[in-house]
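In: Pasting the sequence and the predicted model now:
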Amino acid sequence: MTTTEKNAIIEMLAPMLDTEGIELVDVETHGQTLRLLIHKQGGLSVADCQAVNQVVHPILEVHEHLANYAQLEVASPGIDRPLQTAKDFQRNCGRTVQIEVASESENEQDSHVQGTVVEVHLERVVLTQTGGKSISVQISQIRKAHIHLKW
């Protein structure tokens, strides 16, 4: 899937799903499957995923986004999903996250940061690390981020 196709699907479906209280988190492909990852405050049910599938399937067919895929899957991104946007971090305010920050130059190694999300701005996230130190990370510099799961 090209970035252009992915963005076209997001731009087409996100506003419609937003009106139903459902956020389109990501669009991805796995082999012959087009997967829509959705989020709903309070959690998703199987019925929510089925309802979204029934609504978006004909729209994607008409716009020929399903032409290259054998099936459409609608699912939750799961608890260990990657955090990519300011909205992802806002939703996880108060939780501990692990972030891999891209180095500024090719000669440096990427750095790893862990802390509790305390503030989220459009372009940056502020974490409080163990010991009370605050650190600000530019979202554009984040290579990978996810919730730190405690088992």
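Out: That came through fine. Residues are numbered from 1 along each chain as shown.
In: can we go C-alpha only for contacts and neighbour counts from here?
Out: Will do.
In: can you give me the helices in this structure?
Out: For the chain, applying DSSP state H gives helices covering 3-18, 46-62, 86-91.
In: of all the ones you listed, which lies closest to Asp26?
Out: With C-alpha to C-alpha as the criterion, Asp26 lies closest to helix 3-18 of the helices of the chain, at 7.7 Å.
In: ok so, going back, hey, least reliable of the helices of the chain by pLDDT?
Out: Lowest mean pLDDT within those: helix 86-91, at a mean of 90.
In: which parts of that helix are buried?
Out: When neighbours are counted by 16 or more other C-alpha atoms under 10 Å, the buried residues of helix 86-91 are found to be Ala86, Phe89, Gln90.
In: Make a markdown table out of those residues and add distance to Thr19.
Out: Shown next, in a markdown table, are the buried residues of helix 86-91 (distance: C-alpha to C-alpha, whole Å):
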| residue | distance to Thr19 |
| --- | --- |
| Ala86 | 20 |
| Phe89 | 21 |
| Gln90 | 19 |
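In: so which of those residues comes closest to Lys6?
Out: Ala86 (18.9 Å).
In: Now do the same contact list for that closest one.
Out: Shown in contact with Ala86 (C-alpha atoms under 8 Å, 6 or more residues apart in numbering): Val120, His121, Leu122, Glu123, Arg124, Val125, Ile139.
In: all strands for this protein, in order.
Out: Per DSSP state E, the chain carries strands over the ranges 22-30, 33-40, 71-75, 96-101, 111-120, 124-128, 134-138, 142-147.
In: Looking at these, which is nearest to Ile10?
Out: Comparing the strands of the chain by C-alpha to C-alpha, strand 22-30 comes nearest, at 7.1 Å.
In: Check what contacts the closest one and list those residues.
Out: For strand 22-30, using C-alpha under 8 Å, 6+ apart, the contacting residues are 1, 6, 9-10, 13-14, 17-18, 34-41, 77.
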